[in-house]
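1. any chance you could fold what I've pasted below:
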Amino acid sequence: MGQVLGPIAGGFLTERTSWRWAFYATSIIDGCVQLFGLLFLDESYTPVLLRRKRDRLTKEGATGLYTEHDFPSDSKLELMRTIMIRPIKLLSTQPIVQVMALYQGYLYGNIYILYSSIAVLWTTRYHEKLDIASLHYLALGLGTAFAAEVATHINDRIFRILTKRNGGKGLPEFRIPIMIPATVILSIGLFWYGWSAEARIFWLMPDIGIALFAAAAYICTVSNNIYVVDTYGRYSASALAATSMLRCLAGFVFPLFSPYAYERIGYGWTSSILGIIALCIGLTGVIFIWKFGHVLRKKSPYCASRDVDDC
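-> The predicted structure is shown next:
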């Protein structure tokens, strides 16, 4: 929701004060959030938790306790080097990471195209003030909230059904079937948004397209991340970092060309092209992972378990 509330607050701050206060407010809030996290968030890193448990038991009188992390094979410098290189290695050698990174990168590219186009659309074509135009970001929030509340339960139900059919053994691939209808809805949302904006019809119509896109993008992103985490286990942080590389790159590159595309070929055709590409990448990627994911996991040295039935 922060990605939704931020542009709305920024629109009102810029309209009522100046653009500088958008940065002042962001810095102040960010500092408060960081301080809150430092003071109140619980540690979740397994080696640290085990070390704390060992120290607590030692103070209570236990002796000879140690964890598997007490005898690192590498120096801190070598460990840092390994951690920095591993995401690149995963992205360059693991087909699963490559497929998921490609789709997630394309999703985020489209998300940031919408972020950058919403205010422009309603200020130039619908002639709304910047603060009022920023309220249309609520469509992104509504779509995301709906997906988080409803689709999460549907995805869990699909996973349980497929696990039961598989003799009680859950596989990471059981997390991705929901991405097929979500990809279709995502493309429909792009078409809806683009052609509604092109025709300049009632302002609510583009918002409906945005909400459909946001809901589908959330479902695909979450399912993508869960699949990566289930597949790579202890290396999941590195795998997610690998997918984030293309995601961040796309979030930077896509908004650079989108204004020219909207200006030259219009909102309708630009969104249609983006929707068709999303449909091709999404369906192809999901089908590929569904058919060959278990084989790729079995061959991967980074898989959570080398036994394909358990990983």
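
2. in the protein, what residue sits furthest out from the centroid?
-> Gly61 (45.8 Å; C-alpha atoms, centre = their mean).

3. for it, which three-state class applies?
-> The three-state label given to Gly61 by DSSP: H, G, I helix; E, B strand; the rest coil is coil.

4. pLDDT wise, what is it at?
-> Gly61 carries a pLDDT score of 81 in this model.

5. the one 4 residues further on too?
-> Note on Leu65: pLDDT of 76.

6. give me phi/psi at the residue farthest from the centre of the chain?
-> The phi and psi values for Gly61, taken as degrees, to the nearest 10, are phi 110, psi -10.

7. how much space separates it from Arg52?
-> 17 Å (C-beta to C-beta, to the nearest Å). Any C-beta I mention is one placed from the backbone N, CA and C, and that applies to glycine too.

8. Thr82 now?
-> For Thr82 relative to Arg52 (C-beta to C-beta), the value is 24 Å.

9. show me the residue at the heart of the chain, geometrically.
-> Thr221 (4.3 Å).

10. quick one: it and Gln104 touch, right?
-> Yes. Checked against C-beta atoms under 8 Å, the pair Thr221 and Gln104 is within contact range at 6.3 Å.

11. so where's the stretch 151-300 of the chain shaky on pLDDT?
-> Across the stretch 151-300 of the chain, nothing is flagged by pLDDT under 70.

12. let's see 90
-> 151-153, 155-156, 166-170, 199-204, 232-237, 244-248, 250-252, 254-263, 293-294, 297-300 (pLDDT under 90).

13. quick revisit: list the contacts of the residue nearest to the centre of the chain.
-> Counting by C-beta atoms under 8 Å, 6 or more residues apart in numbering, Thr221 touches 104, 107-108.

14. go again using 7 Å as the cut-off
-> Neighbour list for Thr221: 104, 107 [criterion: C-beta atoms under 7 Å, 6 or more residues apart in numbering].

15. and if you look at Ile287?
-> For Ile287, the contact set (C-beta under 7 Å, 6+ apart) is empty.

16. so it is in which element?
-> helix 236-299 (DSSP states H and E).

17. same question, Ile210
-> Per DSSP H and E: helix 204-232 holds Ile210.

18. what does stretch 13-30 contact?
-> So stretch 13-30 is contacted by 9-10, 129-131 (C-beta under 7 Å, 6+ apart).

19. and Pro95, how far is that from Glu263?
-> 38 Å.

20. more neighbours, the two?
-> More neighbours surround Pro95 than the other of Pro95 and Glu263, with 15 against 10 (other C-beta atoms under 10 Å).

21. tell me the pLDDT of the more buried one.
-> On pLDDT, Pro95 comes in at 93.

22. next one: Asp307
-> Asp307 is given a pLDDT of 41.

23. quick revisit: quick one: which of the contacts of stretch 13-30 is most hemmed in?
-> Gly10 (21 neighbours).

24. so what's that residue up against?
-> 22, 134.

25. sec struct for it, please.
-> Going by three-state DSSP: Gly10 is helix.

26. give me the distance between the closest residue to Gly194 other than its chain neighbours and Arg86.
-> Excluding its sequence neighbours, the residue lying closest to Gly194 (C-beta to C-beta, 6 or more residues apart in numbering) is Ser271, at 2.4 Å. Remark: distance between Ser271 and Arg86 (C-beta to C-beta) = 37 Å.

27. ok, the two, which is more surrounded?
-> Ser271 (31 against 17).

28. give the contact list for the more buried one.
-> With C-beta under 7 Å, 6+ apart, Ser271 has these contacts: 190-191, 193-194.

29. change it to 10 Å
-> Going by C-beta atoms under 10 Å, 6 or more residues apart in numbering, Ser271 touches 110, 113-114, 117, 187, 189-198, 206, 209, 213, 258, 261-262.

30. may I have the phi/psi pair for Ser18?
-> Torsion angles at Ser18 (phi, psi; degrees, to the nearest 10) stand at phi -160, psi 170.

31. and for it, the neighbour number?
-> Neighbours of Ser18 (other C-beta under 10 Å): 11.

32. before we move on, what about Arg81?
-> 12.

33. also Ser272?
-> Ser272 has 18 nearby residues by other C-beta under 10 Å.

34. do Gly194 as well
-> 24.

35. surely it and Ser258 touch.
-> No. Using C-beta atoms under 10 Å, Gly194 is not in contact with Ser258, being 11.4 Å away.

36. find the residues that touch each one of those two.
-> Shared contacts of Gly194 and Ser258, counting by C-beta under 10 Å, 6+ apart, come down to 117, 270-271, 274.

37. any chance of the residues you listed in a markdown table with distance to Pro172 as columns?
-> A markdown table is the format used below for the shared contacts of Gly194 and Ser258 (distance: C-beta to C-beta, whole Å):
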| residue | distance to Pro172 |
| --- | --- |
| Ser117 | 35 |
| Thr270 | 35 |
| Ser271 | 32 |
| Leu274 | 28 |
